[in-house]
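K.L.:
Would you be able to build a 3D model of this:
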Amino acid sequence: FAFLIIFHRFRENKTIPLFIILIIICTTILMLIPLWVRNYLVFKKVVLTPTESGLAFWLGYNVNATGTNKTLSGKFIFNVAPEQFRNKILSLDEFGQKNYFYKEGLNFIREHPNQSINLFFKKIKYFWWFTPTQGQEYPKDYFSIYKIYWVSILLFFTFGLYKKIKFDLFYLNDVHATGLIIIFLITMTLVHASFNLDGRHRWMVESFILIFAANGINYF
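P.N.:
Numbering: from 1, shown residues only. From the prediction side, this is the model:
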């Protein structure tokens with residue numbers, strides 16, 4: 001999606017988007033090289049993604065899933081899984097665990113499609129609001145302060161984003177930068193909703209949210 005917007009923005013000069021995309025690809029590869037080297041040294045094969053992704057996926061789709069990595073009582077979901085399942089996981093190596101977690105998560109989705117869809121949309125909500133297990137490890141007063149902070153930021157963000165989009169459209173301003181950020185927010189939401197979700201996962205987008213929140217505050 002980002003590439004399409006970049007190509008549209010510089011459609012009159014194809015050299016610029018190609019250069020930008022080349023920088024993005026090269027930077028991404030540089031960040032991932034240490035992971036690829038580590039995985040090859042451990043597994044003697046090329047593993048493109050972190051092996052913990054299997055666990056993150058299974059945590060989001062299993063019989064005890066809440067959308068987060070904990071039960072509503074605060075226990076780690078893996079610790080309340082059937083003993084046979086836990087023993088199976090512990091008997092596998094890191095790569096085997098990843099594959100088995102993915103297999104079991106996909107089996108759950110096939111066997112419980114309605115519950116899986118419900119979990120997916122719950123996690124979209126949790127990404128922008130509060131999870132049912134959030135704040136369990138902190139004093140209630142701390143979490144109450146954070147709630148006030150986040151609700152305030154979210155309100156200013158919504159207002160600031162609305163005003164920015166309205167300004168861009170009304171004055172026929174360059175909307176590509178705003179569009180890129182909006183797409184980033186949407187795709188990050190959907191990616192996290194496909195796995196498991198904790199409140200800390202929102203930190204990935206919070207810097208962008210604060211930019212628009214500051215814009216919203218500025219209108220006052």
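K.L.:
So what touches the host helix or strand of Leu106?
P.N.:
Assigned by DSSP states H and E, Leu106 falls within helix 94-111. Contact with helix 94-111 is made by 42-43, 45, 47, 51-55, 57-58, 60-63, 65, 85, 88-89, 92, 116, as judged by Cβ atoms under 8 Å, 6 or more residues apart in numbering. C-beta: built from backbone N, CA, C; applies to glycine.
K.L.:
rerun that using 10 Å as the cut-off
P.N.:
39, 42-43, 45, 47, 49-63, 65, 78, 81, 85, 88-92, 115-117, 119-120, 195-196 (Cβ atoms under 10 Å, 6 or more residues apart in numbering).
K.L.:
Quick one: list the elements packing against the next helix or strand after that helix.
P.N.:
Toward the C-terminus, helix 94-111 is succeeded by helix 113-128 as the next helix or strand (DSSP H and E). For helix 113-128, the elements it packs on are helix 53-60, helix 94-111, helix 140-170, helix 176-193, helix 203-218, judged by 3 or more Cβ pairs under 10 Å, 6 or more residues apart in numbering; DSSP states H and E.
K.L.:
Comparing those helices, which stretch has the densest surroundings?
P.N.:
Highest mean neighbour count of the helices and strands packed on helix 113-128: helix 53-60, a mean of 22 (counted as mean count of other Cβ atoms under 10 Å).
K.L.:
Show me what it is packed up against.
P.N.:
helix 83-90, helix 94-111, helix 113-128, helix 176-193.
K.L.:
Not counting the last one itself, show me its contacts.
P.N.:
Applying Cβ under 10 Å, 6+ apart, the contact partners of helix 176-193 are 1-2, 4-6, 8-10, 56, 60, 67, 119-128, 157, 161, 164-165, 167-169, 175, 197-198, 201-202, 204-205, 208-209, 211-212.
K.L.:
what do you get if the cut-off is 7 Å, keeping everything else the same?
P.N.:
With contact meaning Cβ atoms under 7 Å, 6 or more residues apart in numbering, helix 176-193 is reached by 1-2, 5, 9, 120, 123-124, 127, 164-165, 168, 201, 204-205, 208.
K.L.:
out of those residues, who's nearest Leu35?
P.N.:
Met204 (17.7 Å; Cβ to Cβ).
K.L.:
Low-confidence ranges, this protein, go.
P.N.:
171-173 (pLDDT under 70).
K.L.:
residue closest to the middle of it?
P.N.:
The centroid of the chain falls nearest to His192 when counting by Cα atoms, centre = their mean (3.1 Å).
K.L.:
roughly how far apart are it and Glu111?
P.N.:
23 Å (Cβ to Cβ, to the nearest Å).
K.L.:
ok, now Ile182?
P.N.:
35 Å.
K.L.:
and what of Gly160?
P.N.:
43 Å.
K.L.:
Likewise for Ile24?
P.N.:
39 Å.
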